[in-house]
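[1] Here is a sequence with its predicted model. Questions after.
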Amino acid sequence: MNTPVATSYQPLYVAISYAISVLGAFVALNSAARIRQADGSISVGNTIAAGLALGGIGVWSMHFIGILALKLDVASSYAMAETLVSLFAAVAATALALGFVAQAPERLGRLLGAGFVLGMGVVLMHYLGMWGMKIAGYVRWDMAVVALSAAIAVVAATAALWLAFNTRGVVMRFAAALVMGVAVCAMHYTGMHAAEFICTSDPTVAPDRFGYVGEASLPFVVGLVAVVVAGLIAAYHTWQDSAVYDTEDFGASIR
């Protein structure tokens, strides 16, 4: 039995995936503004924070909410090894690209090179995440659409890096986050369109082995990661602002 699986999208989850992407992008833009310090040095902490926000929330969490938006007429489960590696790939690529561009954001060559690296990181994350999705069958890929999704990822990543270092103020950053959310979702749903799911056995039984979680558990895993990441970034920025305030206050007291 090699039966193509009927698919459809749930609009509510699509909307939530976009909102998650915008949230991650907005937090990342605020963190990116702190990467290059007044003395020209690069803040490693803020680079990691921006990578976690954009890669961990804006891309990775959005990806798995987007997968939940896809309604399949077959049971599915998710391999945590591939899922967590895809998270690392997204965060690492984002942090490296942001840190690289921050050293000289005015240089077009740096922007384009980092955009390519970040775009490929997003592609790696997406297809690793898809590889971690297990059904009673396999996925057949349209390679032309896969290539299109990769091209969209590179363009979107380059635009995201430019926006990260060329937006000022809350309103402008929120507007930029809305644009970045569209770009990330465009790549994701194009990549999903490249997949045709083929069922080869009982469609009601999802693969079940050690390290797999069922579809019902995925929202909890994704939500936990997003909340923990957002909380860590907020705590770091609060600590950072408090440290700056304490330093300024100490300096004033000895003058």
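    Arrived safely, thanks for sending.
[2] Just confirm residue 20 contacts residue 58, I think it does.
    Yes: using CB atoms under 8 Å, residue 20 is in contact with residue 58, at 7.4 Å. In this view, the C-beta of every residue, glycine as well, is placed from N, C-alpha and C.
[3] Which strand or helix spans residue 134?
    strand 133-135 (DSSP states H and E).
[4] what sits up against that strand?
    Contacting residues not belonging to strand 133-135 are listed as 5, 67, 72, 74-79, 139, 197, 199, 206-207, 212 [CB atoms under 8 Å, 6 or more residues apart in numbering].
[5] same thing with stretch 195-213?
    So stretch 195-213 is contacted by 1-5, 7, 72-81, 130, 134-142, 214-215, 221 (CB under 8 Å, 6+ apart).
[6] could you redo the last one with a cut-off of 7 Å?
    Stretch 195-213 is touched from outside by 1-5, 7, 72-81, 130, 134-141, 214, 221, with contacts defined as CB atoms under 7 Å, 6 or more residues apart in numbering.
[7] Just the buried residues from these, in ChimeraX please.
    Applied in ChimeraX, the following selects the buried portion of the contacts of stretch 195-213 according to 16 or more other CB atoms under 10 Å:
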select :5,72,74,75,76,77,78,79,130,134,135,136,137,221
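[8] Quick one: mark the members of the contacts of stretch 195-213 that sit in helices.
    When helices are assigned by DSSP state H, the members of the contacts of stretch 195-213 inside them are 80-81, 130, 221.
[9] ok now stretch 23-30, how far from the chain's centre?
    Offset of stretch 23-30 from its chain centre (CA atoms, centre = their mean, to the nearest Å): 11 Å.
[10] now the strands: where do they sit in the stretch 1-150 of the chain?
    Secondary structure of the stretch 1-150 of the chain (DSSP state E, counting those that start in this stretch): strands at 3-4, 7-9, 70-72, 76-79, 133-135, 137-141.
[11] Quick check: which ranges of the stretch 151-255 of the chain have low pLDDT?
    243-255 (pLDDT under 70).
[12] can you map out the strands along it?
    Secondary structure of the stretch 151-255 of the chain (DSSP E, counting those that start in this stretch): strands located at 195-199, 212-214.
[13] Mind listing the strands the longest one pairs with, and their directions?
    Looking back up the chat, that one is strand 195-199. Paired strands of strand 195-199, with direction, are strand 3-4 (antiparallel), strand 137-141 (antiparallel) (DSSP bridges).
[14] Quickly, which of these bottoms out on average pLDDT?
    Lowest mean pLDDT within the strands paired with strand 195-199: strand 3-4, a mean of 85.
[15] Next, count neighbours for residue 106.
    9 (other CB atoms under 10 Å).
[16] typo on my end, residue 17
    Counted with other CB under 10 Å, residue 17 comes out at 24.
[17] I'd assumed residue 62 was in contact with it.
    Yes: the pair residue 17 / residue 62 is scored as a contact, 5.0 Å apart, by CB atoms under 7 Å.
[18] before we move on, back to that, I'd like the strands paired with strand 195-199 laid out as TSV, including distance to residue 238.
    Shown next, in TSV, are those (distance: least, CB to CB, whole Å):
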stretch	distance to residue 238
strand 3-4	51
strand 137-141	43
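[19] Would you mind saying which of the ones you listed lies nearest residue 35?
    In terms of CB to CB, the element of those nearest to residue 35 is strand 137-141, at 36.3 Å.
[20] what number of residues lie near residue 88?
    Around residue 88 there are 14 residues (other CB under 10 Å).
[21] Next one, pLDDT for it please.
    The model's pLDDT for residue 88 equals 90.
[22] so how far is residue 116 from it?
    19 Å (CB to CB, to the nearest Å).
[23] end-to-end on stretch 102-116?
    16 Å (CA to CA, to the nearest Å).
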